[in-house]
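Engineer: whatever this is, show me its structure:
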Amino acid sequence: MDYIIIAVVVVILAAAIGYIVKKKKSGAHCIGCPDGGSCSHCQGGGSCHCHK
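Structural biologist: Take a look at the predicted model:
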């Protein structure tokens, strides 16, 4: 039973890390920003100020 829970947590973490790596490689600077690829604040390397 414990192995199933551990496996589920590992799969979730791997998916999250894979998503972050994929977004960073595609050029998104603010992953949580809905306009991360085109937001002027995100492109400038600053913190994301997109609120939609």
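
Engineer: report the buried residues of the longest helix along the chain.
Structural biologist: In terms of residue count, the longest helix belonging to the chain (DSSP state H) is helix 2-25. Within helix 2-25, the residues scored as buried using 16 or more other Cβ atoms under 10 Å are residue 23. Placement of C-beta: from N, CA and C, glycine included.

Engineer: quick one: mean pLDDT over it.
Structural biologist: Mean per-residue pLDDT for helix 2-25: 94.

Engineer: put the alpha carbons of it into CSV.
Structural biologist: Extracted in CSV, the C-alpha atoms of helix 2-25 (Å, rounded to 0.1, in the frame of the first residue of the first chain):
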residue,chain,number,x,y,z
ASP,A,2,2.8,2.4,0.9
TYR,A,3,4.5,1.7,-2.4
ILE,A,4,1.4,2.8,-4.4
ILE,A,5,1.3,6.1,-2.5
ILE,A,6,5.0,6.7,-3.0
ALA,A,7,4.7,5.9,-6.7
VAL,A,8,1.7,8.3,-7.2
VAL,A,9,3.7,11.1,-5.5
VAL,A,10,6.7,10.4,-7.6
VAL,A,11,4.6,10.5,-10.8
ILE,A,12,3.0,13.8,-9.8
LEU,A,13,6.4,15.3,-9.0
ALA,A,14,7.9,14.1,-12.3
ALA,A,15,5.0,15.5,-14.3
ALA,A,16,5.3,18.9,-12.5
ILE,A,17,9.0,19.0,-13.1
GLY,A,18,8.6,18.0,-16.7
TYR,A,19,6.0,20.7,-17.2
ILE,A,20,8.3,23.4,-15.8
VAL,A,21,11.2,22.2,-17.9
LYS,A,22,9.1,22.2,-21.0
LYS,A,23,7.8,25.7,-20.4
LYS,A,24,11.2,27.1,-19.6
LYS,A,25,12.6,25.6,-22.9
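
Engineer: having no further points to raise, I will conclude here.
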